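Asker: Sequence first, predicted coordinates after that:
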Number of protein chains: 2
Amino acid sequence: MKRDIFQAIADPTRRAIIALIAIQAMTPNTIAEHFDTSRQAVSKHLRILAECEVIKQEQKGREIYYQLEISKMKEIDEWLEQYRTIWESRYEQLDTLLAELKQQENKELKI
Amino acid sequence: MKRDIFQAIADPTRRAIIALIAIQAMTPNTIAEHFDTSRQAVSKHLRILAECEVIKQEQKGREIYYQLEISKMKEIDEWLEQYRTIWESRYEQLDTLLAELKQQENKELKI
DNA sequence: GACATGTGCAACCGTTTGGTTGCATACTCT
DNA sequence: AGAGTATGCAACCAAACGGTTGCACATGTC
């Protein structure tokens, strides 16, 4: 059961957890307080997120602080990059189209 | 069973389909040729992608051409935006740290 | 040492997922 | 009209998912 970053962010609860600990590191108990599921369910999500290396943990006494591994978010960004170039080129196409239309408009105005 | 874009891209086969039809519109049969699963399995993936509005279809006779709805990819980009600001600020922090180190180094050199 | 607290793990359970096969429907061509 | 092709849909199935409860194991505090 090899999981990747895309499966990690597929679940809305996990995205919420990511958003939570992005601001500051938190313990599982504190995180669980923000949801209406059991502490153990949250713990399972944390396990999955850790498996995908989206979060890292730091032990402080008997408490464990979970923190976002922001570099992992970049992987999504890198994956998106290929499509970003596409939608930018689409805009270029739109730009040239608009330019052509304007030129045509000008011609019509000249007549 | 309301699905969102994040569930759409969670499956590797679906990401491959997205990458395929990003280049040019394709029929289900043509798409299925690129995978070692059945045509019907691919059809199911297309159904999910269409449900999430990641792809759009165009009927041409008895063939249906599926094409990527690139604007939907932007939604992921927008979601990433909040984290992009974080990792950029991290870099700023790193920059100031490096600057401080360099300054300290200079001090040491002065002694 | 005794007790409370923070956490993870295992077992279980209903639902969803991703795949298969078989069949129905719609369009094209002769 | 009949044959062939492109596609979607339904039924089924094993595996994974997301949740629960109970328990074990550390680490603190008295």
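Answerer: Great, that's in hand.
Asker: Please report the distance of the residue most central in space within chain A from DNA strand C.
Answerer: The centre of chain A sits closest to A:M73, judged by Cα atoms, centre = their mean, with a distance of 6.0 Å. Distance of A:M73 to DNA strand C, computed by Cβ to the nearest atom of the strand, to the nearest Å: 21 Å. The way it works is simple: take the backbone N, C-alpha and C, and place the C-beta from them, glycine included.
Asker: what is the mean pLDDT for whichever strand or helix holds that residue?
Answerer: If you go by DSSP states H and E, A:M73 is part of helix A:70-110. In this model, helix A:70-110 has a mean pLDDT of 76.
Asker: same thing with stretch A:5-20?
Answerer: 96.
Asker: Is it in proximity to DNA strand C?
Answerer: No. Judged by Cβ under 7 Å from any atom of the strand, stretch A:5-20 stays clear of DNA strand C, getting no closer than 8.4 Å.
Asker: can you tell me if stretch A:23-37 touches chain B.
Answerer: No. Shown here: stretch A:23-37 not in contact with chain B (Cβ under 8 Å from any Cβ of the partner chain), separated by at least 8.9 Å.
Asker: May I ask you to confirm that the residue nearest to the centre of chain A is in contact with B:T85?
Answerer: No. Using Cβ atoms under 8 Å, A:M73 is not in contact with B:T85, being 11.0 Å away.
Asker: sorry, back to before: quick one: residues contacting the residue nearest to the centre of chain A.
Answerer: For A:M73, the contacting residues are A:54, B:80, B:83-84, B:86-87, by Cβ atoms under 8 Å, 6 or more residues apart in numbering or on different chains.
Asker: Selecting buried members of the residues you listed in ChimeraX, what would you type?
Answerer: Filtering the contacts of A:M73 down to the buried ones (16 or more other Cβ atoms under 10 Å in any protein chain shown) takes a single ChimeraX command:
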select /A:54 /B:80,83,87
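Asker: so which of the contacts of A:M73 comes closest to B:S43?
Answerer: B:L80 (30.1 Å; Cβ to Cβ).
Asker: Now do the end-to-end distance for stretch A:55-67.
Answerer: 5 Å (Cα to Cα, to the nearest Å).
Asker: what's the average pLDDT for it?
Answerer: The model assigns stretch A:55-67 a mean pLDDT of 94.
Asker: With DNA strand D in mind, check whether that stretch reaches it.
Answerer: Yes. Judged by Cβ under 7 Å from any atom of the strand, stretch A:55-67 comes into contact with DNA strand D at A:61-62.
Asker: follow-up on the earlier one: now, which of the contacts of A:M73 lie close to DNA strand C?
Answerer: Counting by Cβ under 7 Å from any atom of the strand, no member of the contacts of A:M73 reaches DNA strand C.
Asker: Residue of chain A nearest chain B, please.
Answerer: A:A10 (3.7 Å; Cβ to the nearest Cβ).
Asker: isn't there a helix covering that residue?
Answerer: No. In this structure, A:A10 is coil, not part of a helix, as judged by DSSP: H, G, I helix; E, B strand; the rest coil.
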